[in-house]
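Colleague: I would like the atomic coordinates for the input below:
(2 chains)
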There are 2 protein chains.
Amino acid sequence: MYICTMNFSSRLLENAVNEFSKLPGVGQKTALRLVLHLLNQSAQEVEHFSNALTRLKEEIRFCNVCGNISDAEVCEICSAHKRDKTMVCIVEDTRDVMAIENTNQYNGIYHVLGGLISPMDGVGPSDLNIERLVERVKTGQIDEVILALSATMEGDTTIFYIYKKLKDLPVKITTIARGIAFGGEIEYADEITLARSIATRIPYAG
Amino acid sequence: MYICTMNFSSRLLENAVNEFSKLPGVGQKTALRLVLHLLNQSAQEVEHFSNALTRLKEEIRFCNVCGNISDAEVCEICSAHKRDKTMVCIVEDTRDVMAIENTNQYNGIYHVLGGLISPMDGVGPSDLNIERLVERVKTGQIDEVILALSATMEGDTTIFYIYKKLKDLPVKITTIARGIAFGGEIEYADEITLARSIATRIPYAG
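Modeller: Numbering: from 1, shown residues only, chains lettered A, B, ... in the order given. Purely as a prediction, here's the structure:
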């Protein structure tokens, strides 16, 4: 059932519900459910919750090298000896780092932009961690940058902007392959993906 | 994509995500999305969020009369002069009060149990606001109690328990009507609802 206007019996309750419903994908009904759940927890548990948020915002740092969320000045990946420091994968945010790390297939380091260029949302190149990327490449210690950004308009715009910034520097610029997903059926693939996956076909290795 | 184990780049981030994923219906991926959203907000906004929760838990009160969430000793509904104090609607929690208030069809007052009897979840009658209900009825100022509890096993158990407690007191005990919902098609109604709605049929008023 959809409650269009909520008659809260308490302002404190209303406040907490309003704060929760500011979160993405959380409506008033869900917010109320979450708040009532917290109200049923012990005071200590709610304090833990509230403290985790305050500490997160106050104490979190961003790696001086790659810009990823970190507890130290330099993140674990950038400071790891085993990592190939000549290869840098450019991603939107920490979620993408986690997704790529989870594949266990990448041994290079990262550069986290902190977003994508999106004029609609008022995000320009200067809001992103791009200048620092150019500095990193200019040190000459990087052989290849891999653009691993979403295949959306914002992703493509950002890729093009970064490409223009880096193209005159002595670095190889690649993007991750786009095409039919493994397990994906050609019949259900969208036309653009299908067309591009034919255009960028690779020799069959046998 | 499903990430089975998450490699967080920061313990603070991991903590906040773990706290969020304790909420009902919030998995790790959703929790991460919510936390990253908060991280993008200003420090002030995160503080508002965190304060709303702390204040909620520390300052919230429950109405001395009906047990509903309230900012004062007695809630607005119980202290309203226009309300019919001889009719008490028994509900599970504040969400049900809000839903019934939203119909604008009920002018009596409420009694909020704070849950339903559920041996599976370790909730017994003594965990609920039932003793206070018996006291309220014993004052003799209540003519009718309306049991408006969910049509689940827990709801039915609780209804039966309350019925036993009240049946020897001079009060009329009713339950809300159950049957095919307005707009509901008979073809799609479950058998129990259909059978009970036939058994409890009412004269057609014309």
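Colleague: please report phi then psi for residue A:45.
Modeller: phi -70, psi -40 (degrees, to the nearest 10).
Colleague: residue contacts, it?
Modeller: residue A:38 (C-beta atoms under 8 Å, 6 or more residues apart in numbering or on different chains). Bear in mind the C-beta positions are built from the backbone N, C-alpha and C, glycine included.
Colleague: helices along chain A, start to end?
Modeller: Assigned by DSSP state H, chain A shows helices spanning A:11-20, A:28-40, A:43-59, A:76-79, A:94-103, A:131-138, A:153-166, A:191-199.
Colleague: okay, residue A:126 and residue A:159: tell me how far apart.
Modeller: Going from residue A:126 to residue A:159 by C-beta to C-beta, to the nearest Å gives 17 Å.
Colleague: what does the worst-scoring helix or strand of chain A on mean pLDDT contact?
Modeller: Here the helix or strand of chain A ranked lowest by mean pLDDT, DSSP states H and E is helix A:191-199, holding a mean of 81. Residues outside helix A:191-199 that contact it (C-beta under 8 Å, 6+ apart) are A:178, A:179, A:180, A:186, A:189.
Colleague: tell me the buried residues in it?
Modeller: Neighbour-count burial for helix A:191-199, with 16 or more other C-beta atoms under 10 Å in any protein chain shown as criterion, is recorded at A:193, A:197.
Colleague: tell me the two of the contacts of helix A:191-199 that are most distant?
Modeller: A:178 and A:186 (14.7 Å; C-beta to C-beta).
Colleague: would a markdown table of the contacts of helix A:191-199 with neighbour count be doable?
Modeller: What follows is these, written out as a markdown table (neighbours: other C-beta atoms under 10 Å in any protein chain shown):
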| residue | neighbour count |
| --- | --- |
| A:178 | 12 |
| A:179 | 16 |
| A:180 | 15 |
| A:186 | 9 |
| A:189 | 15 |
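Colleague: tell me the domain ranges of chain A?
Modeller: A:11-59, A:73-175 (automatic domain parsing).
Colleague: end to end, how far does the longest one reach?
Modeller: Translated: domain A:73-175. 28 Å (C-alpha to C-alpha, to the nearest Å).
Colleague: cool, and the first one?
Modeller: End-to-end span of domain A:11-59 (C-alpha to C-alpha): 31 Å.
Colleague: measure the residue nearest the centre of chain A to chain B for me?
Modeller: Central residue of chain A (C-alpha atoms, centre = their mean): residue A:93, 2.4 Å from the mean position. As judged by C-beta to the nearest C-beta, to the nearest Å, residue A:93 and chain B stand 7 Å apart.
Colleague: same thing with residue A:68?
Modeller: 5 Å.
Colleague: how about that residue, what does it touch?
Modeller: Counting by C-beta under 8 Å, 6+ apart, residue A:68 has contacts A:62, A:75, A:77, A:78, A:94, A:97, A:110, A:112, B:9.
Colleague: tell me how many other residues crowd the residue nearest to it when sequence neighbours are not counted.
Modeller: Nearest-residue entry for residue A:68: residue A:112, 4.5 Å, with adjacent residues in sequence omitted and distances by C-beta to C-beta, 6 or more residues apart in numbering or on different chains. Using other C-beta atoms under 10 Å in any protein chain shown, residue A:112 is surrounded by 27 other residues.
Colleague: name the residues that touch stretch A:163-173?
Modeller: Looking at what lies outside stretch A:163-173 - C-beta under 8 Å, 6+ apart - the contacts are A:130, A:133, A:134, A:137, A:138, A:140, A:142, A:143, A:144, A:145, A:147.
Colleague: now it, how far from the centre of its chain.
Modeller: 23 Å (C-alpha atoms, centre = their mean, to the nearest Å).
Colleague: buried stuff in it?
Modeller: Buried residues in stretch A:163-173 (16+ other C-beta under 10 Å): A:166, A:171, A:173.
Colleague: again with stretch A:80-95
Modeller: Quick answer for stretch A:80-95 (16+ other C-beta under 10 Å): A:83, A:87, A:88, A:89, A:90, A:91, A:92, A:93, A:94, A:95.
Colleague: what does stretch A:104-116 give?
Modeller: Neighbour-count burial for stretch A:104-116 [16+ other C-beta under 10 Å]: A:106, A:108, A:109, A:110, A:111, A:112, A:113, A:114, A:115, A:116.
Colleague: just grab the bridge partners of the third one for me.
Modeller: Read it as residue A:109. With DSSP bridges applied, residue A:109 shows beta-bridge pairing to residue A:88.
Colleague: dump the residue contacts of it.
Modeller: Residue A:109 touches A:65, A:66, A:77, A:78, A:83, A:84, A:85, A:87, A:88, A:89, counting by C-beta under 8 Å, 6+ apart.
Colleague: turn those into JSON lines, including distance to residue B:38 and pLDDT.
Modeller: Shown next, in JSON lines, are the contacts of residue A:109 (distance: C-beta to C-beta, whole Å; pLDDT from 0 to 100):
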{"residue": "A:65", "distance to residue B:38": "25", "pLDDT": "94"}
{"residue": "A:66", "distance to residue B:38": "22", "pLDDT": "94"}
{"residue": "A:77", "distance to residue B:38": "23", "pLDDT": "93"}
{"residue": "A:78", "distance to residue B:38": "25", "pLDDT": "94"}
{"residue": "A:83", "distance to residue B:38": "30", "pLDDT": "94"}
{"residue": "A:84", "distance to residue B:38": "33", "pLDDT": "94"}
{"residue": "A:85", "distance to residue B:38": "32", "pLDDT": "94"}
{"residue": "A:87", "distance to residue B:38": "32", "pLDDT": "93"}
{"residue": "A:88", "distance to residue B:38": "28", "pLDDT": "95"}
{"residue": "A:89", "distance to residue B:38": "26", "pLDDT": "94"}
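Colleague: quick one: which of those is nearest chain B?
Modeller: The shortest approach to chain B among the contacts of residue A:109 belongs to residue A:77, at 7.2 Å (C-beta to the nearest C-beta).
Colleague: quick one: the nearest residue in space to the closest one that is not next to it in sequence from residue B:164, how far?
Modeller: Closest residue to residue A:77 apart from its sequence neighbours, by C-beta to C-beta, 6+ apart: residue A:109 at 5.8 Å. Between residue A:109 and residue B:164 the computed distance is 69 Å (C-beta to C-beta).
Colleague: again, but for residue A:132
Modeller: Taking C-beta to C-beta, one finds residue A:132 at 71 Å from residue B:164.
Colleague: over to residue A:45?
Modeller: 35 Å.
Colleague: low-confidence stretches in chain A?
Modeller: A:1-5, A:205-206 (pLDDT under 70).
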